[in-house]
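Participant: Got a predicted structure here, sequence first:
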Amino acid sequence: MRVAVMQPYLYPYLGYFHLIASVDLFLIFDCVQFPRRGRVHRAPVPQKEAWLTLPLARQPRDTLISELAFAENAEVIWRERLDRLPWMAQAPALRATLTPLRTGRVSDYLAAQLIFACDALGIGTKIQLSSSYRVTSKLQAQDRVIALAHATGATSYVNLPGGRSLYDAAAFSAAGLSLSFVSKYNGPFQSMLHALATQPYPRLRSALAELPAPSAA
């Protein structure tokens, strides 16, 4: 079984979904510290290089992604931010998925958005939260990823190309796991939020199908 482990992004680029489509199980890596400058809580929009950002509650710097919560008035703020995107009116199904904000964990909301996008792209990969597996937080980086892969029963680990400088193929092999990477995505669909709102789904599925299979480390 092939598995991938990645932090959840809010409607990332098509290459992220290429990774999801390349595996049997995709683990949303929510049992790690929330990167405040990352893309977990925000999506790029093609308006002066702006971001659409989820209204999160103020929480300690060491908060885990799985512990993130929405701000008290998040619903109002979120609708106002979506209303500023004129092209969102073209996509009522997408808008309905984005709102209302689900109660509970932000990670559950992010998972729901990834599942919606995967359905639109024709991706049937199973998606789970890494926090649902009992893997000790004492393990870091590569060791933690390997432990999660073992917990799922995977025999192969697939990652984005940036992982080539982070992961040691020999360590994965010693752990009984093959290691491979999807190719770098340089295509036009850098914001899947905008793409899903403005492009026909068949076009997006064709673009995804044209991407090459993962290559060994």
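Facilitator: Received, thanks.
Participant: Low-confidence bits of the protein, can you list those?
Facilitator: Within the chain, the ranges that satisfy pLDDT under 70 run 48-49, 102-103.
Participant: can you give me the helices in it?
Facilitator: 14-21, 74-83, 92-98, 106-121, 141-152, 169-174, 192-198, 201-209 (DSSP state H).
Participant: Contacts for the last one, please.
Facilitator: Pointing back at helix 201-209 there. Leu14, Phe17, His18, Ala21, Ala120, Leu121, Gly122, Ile123, Gly187, Phe189, Ala195, Leu196 (Cβ atoms under 8 Å, 6 or more residues apart in numbering). Heads up, the C-betas are built off the backbone N, CA and C, glycines and all.
Participant: How about the shortest one?
Facilitator: With contact meaning Cβ under 8 Å, 6+ apart, helix 169-174 is reached by Gln142, Ile146, Tyr157, Ser178, Leu179, Ala216, Ala217.
Participant: State the distance from the last one to Pro46.
Facilitator: Between Ala217 and Pro46 the computed distance is 34 Å (Cβ to Cβ, to the nearest Å).
Participant: Quick check on these two: which one has the bigger neighbour count.
Facilitator: Neighbour totals were compared for Ala217 and Pro46, and Ala217 leads with 17 against 14 (other Cβ atoms under 10 Å).
Participant: That one and Leu68, how far apart?
Facilitator: With Cβ to Cβ as the criterion, Ala217 and Leu68 are 32 Å apart.
Participant: ditto for Tyr133
Facilitator: 19 Å.
Participant: next one: Pro92
Facilitator: 27 Å.
Participant: Give me the more crowded residue out of these two.
Facilitator: For Pro92 and Leu68, the more surrounded residue by other Cβ under 10 Å is Leu68, and the numbers stand at 20 against 10.
Participant: can you pull the contacts of that one?
Facilitator: Counted by Cβ under 8 Å, 6+ apart, Leu68 has contacts Phe34, His41, Leu56, Ala57, Gln59, Arg105, Val106, Ser107.
Participant: Which of the residues you listed are buried, as a ChimeraX select command?
Facilitator: Restricted to buried positions by 16 or more other Cβ atoms under 10 Å, the ChimeraX selection for these reads:
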select :34,41,56,105,106,107
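Participant: Can you add distance to Lys138 and give the contacts of Leu68 back as JSON lines?
Facilitator: Converted to JSON lines, the contacts of Leu68 look like this (distance: Cβ to Cβ, whole Å):
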{"residue": "Phe34", "distance to Lys138": "19"}
{"residue": "His41", "distance to Lys138": "26"}
{"residue": "Leu56", "distance to Lys138": "27"}
{"residue": "Ala57", "distance to Lys138": "28"}
{"residue": "Gln59", "distance to Lys138": "22"}
{"residue": "Arg105", "distance to Lys138": "23"}
{"residue": "Val106", "distance to Lys138": "25"}
{"residue": "Ser107", "distance to Lys138": "21"}
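Participant: Looking at the contacts of Leu68, which one is closest to Ser165?
Facilitator: Nearest to Ser165 out of the contacts of Leu68 is Phe34 (Cβ to Cβ; 22.9 Å).
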